[in-house]
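**Q** turn this into a model:
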Amino acid sequence: MDDCCASRTPGGYDREFDDRFARRLARDYRRRGLTPTAQHVVEFAAAAGIEGASVLEIGGGIGDIQLELLKRGAAKTTNLELSGAYEREARRLLDEAGLGARAERMLGVDLAVTPDAVGPADIVVLNRVVCCYPDYTALLSAAADHARRAVVFSHPPRTWITRAGVAAVNAWCGVLRREYRGFVHPPDSMVEVLERHGFAPRHRRSERAWRIVGAERP
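**A** Just a heads-up that it's a prediction; the model follows:
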């Protein structure tokens, strides 16, 4: 299952991305910093002009990218999250860095469904998020509509290996009666969504398991 789209807000995130998962991510971030993929996302955002900018991150998890962009000079960051399991660890990391006053976290907001729930930002970030959402057109359209300057997102490569892997995960979720499903959307079609909203792809980066796309308004 890789291209199916749904009109409703997908569920199962709290069960799939739970407290234990959040604690592991926070521990790894404290020990080793950003993952290579997240680091490239941050570098593109910084190159797009992060000093004094506002950032909207969709599905930012524990807020590691949010933190790093604030450290690089972002004026304000807003994180939208559908799983409540990340909030405790995210707040701890913000408090440890002394950056809580410049960071906002909003729980339960699906931007593709309720785009008016949050205002625009200079830069919109979606790291390892599109693969967890069935309707990439709606999600990336909402992201583009909220971005004044740039959008950067990561996605898995569309290969037989990743498609087989996601299919196996989805089958296992079905056996366990879990609502969550993963997706391997067509990369070119995702970029075309941004292009239709006035963005031009300026940056592409390939990692072992992820691809990063950065797009800016001309």
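
**Q** list the contacts for the residue nearest the centre of the chain?
**A** Residue closest to the average C-alpha location in the chain (CA atoms, centre = their mean): residue 126, at 2.7 Å. Neighbouring residues of residue 126 by CB atoms under 8 Å, 6 or more residues apart in numbering: 57-59, 139-140, 143, 151-154. Backbone N, C-alpha and C define where each C-beta goes, glycine included.

**Q** skipping adjacent residues, who's closest to residue 186 in space?
**A** residue 158 (6.1 Å; CB to CB, 6 or more residues apart in numbering).

**Q** wait, isn't the one you found in contact with residue 187?
**A** Yes: contact status for residue 158 versus residue 187: in contact at 5.8 Å, counting by CB atoms under 8 Å.

**Q** can you give me the helices for this protein?
**A** 13-16, 19-32, 36-47, 64-71, 87-97, 136-145, 160-175, 187-196 (DSSP state H).

**Q** in JSON lines: the ones you listed, plus mean pLDDT.
**A** Shown next, in JSON lines, are the helices of the chain (pLDDT from 0 to 100):
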{"stretch": "helix 13-16", "mean pLDDT": "57"}
{"stretch": "helix 19-32", "mean pLDDT": "90"}
{"stretch": "helix 36-47", "mean pLDDT": "95"}
{"stretch": "helix 64-71", "mean pLDDT": "96"}
{"stretch": "helix 87-97", "mean pLDDT": "94"}
{"stretch": "helix 136-145", "mean pLDDT": "97"}
{"stretch": "helix 160-175", "mean pLDDT": "84"}
{"stretch": "helix 187-196", "mean pLDDT": "97"}
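
**Q** most packed of the ones you listed?
**A** The highest average neighbour count among these, using mean count of other CB atoms under 10 Å, belongs to helix 64-71 at a mean of 23.

**Q** give me the helices and strands touching that one, please.
**A** Contacts defined by 3 or more CB pairs under 8 Å, 6 or more residues apart in numbering; DSSP states H and E place helix 64-71 against helix 36-47, strand 54-58, strand 76-81, helix 87-97, strand 103-107.

**Q** list the contacts of the longest one.
**A** Contacts made with helix 36-47 from outside it, assessed by CB under 8 Å, 6+ apart, are listed as 33-34, 55, 64-65, 68-69, 72, 123, 125, 127-128, 150, 152, 154, 203, 205, 207, 209-210, 212, 214.
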